[in-house]
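# Sharing a sequence plus its predicted fold:
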Amino acid sequence: MSRIGKMPVVIPEGVDVTIDGSTVTVKGKLGELTRTFQSILKISQVDNTIVVERPDDSREAKSLHGLTRTLIQNMVIGVSEGYSKKLELVGVGYRAALKGSNLELSLGFSHPVVVEPPAGITFEVPSPTEIFVKGSSKEAVGQVAANVRAWRKPEPYKGKGIRYEGEHVRRKLGKAAKSE
């Protein structure tokens, strides 16, 4: 049996959970998230915890047990605390700015790159070389951060580009000098 799947998800104060069959809706101070899970598993609410049970010992139920519990946990954390990813811009002339709610990036192209945030996502730019992507959905925050990073991935020779906070870029040696 899944060790993670057996653990109950604790619902903090201020979070409201509604379970309708295999659809779970979580509401909190940072928004509302809804997700439909496989009907193979039984999701129930006991006091202020959510329990995911698997009625049979089938292979499919085993593989979904821990995943379902983790996704519900991420929903609860997302609406109560929220998620954020920090991106760093490394390179001469690489900078970011907010234009309304849009993110404007100068990345060495002939034009600025404008990134519009999807619903539920916000950008923060505390300095021209730092970007925070914030939201209540862990998946959406990660995807938007990956989309922003894709504009200029860190390159291995000079290390320039957009990288996650704490990401280590392996540097390569340049061209060797011609020996005579």
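Received the coordinates, thanks. Residues are numbered from 1 along each chain as shown.

# Show the contacting residues for Leu41.
Counting by CB atoms under 8 Å, 6 or more residues apart in numbering, Leu41 touches 22, 52-55, 61, 64-65, 68. Backbone N, C-alpha and C define where each C-beta goes, glycine included.

# top of those residues by neighbour count?
The most crowded member of the contacts of Leu41, judged by other CB atoms under 10 Å, is Val52 (27 neighbours).

# That one - that's part of a strand, no?
Yes - assessed with DSSP: H, G, I helix; E, B strand; the rest coil, Val52 lies in a strand.

# Leaving out chain neighbours, which residue sits closest to it?
Arg69 (4.6 Å; CB to CB, 6 or more residues apart in numbering).

# rewinding a little: let's have the contacts of Leu41 in JSON lines, adding pLDDT.
JSON lines is the format used below for the contacts of Leu41 (pLDDT from 0 to 100):
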{"residue": "Ser22", "pLDDT": "88"}
{"residue": "Val52", "pLDDT": "88"}
{"residue": "Glu53", "pLDDT": "86"}
{"residue": "Arg54", "pLDDT": "84"}
{"residue": "Pro55", "pLDDT": "81"}
{"residue": "Ala61", "pLDDT": "81"}
{"residue": "Leu64", "pLDDT": "87"}
{"residue": "His65", "pLDDT": "87"}
{"residue": "Thr68", "pLDDT": "91"}
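
# In which helix or strand does Gly78 reside?
helix 59-80 (DSSP states H and E).

# The residue nearest in space to the middle of the chain sits in which helix or strand?
The centre of the chain sits closest to Gly142, judged by CA atoms, centre = their mean, with a distance of 2.9 Å. Assigned by DSSP H and E, Gly142 belongs to helix 138-149.

# any weak-confidence spans in the protein?
Applying pLDDT under 70 to the chain flags the ranges 1-2, 177-180.

# Mind doing that once more with 80?
1-2, 57, 176-180 (pLDDT under 80).
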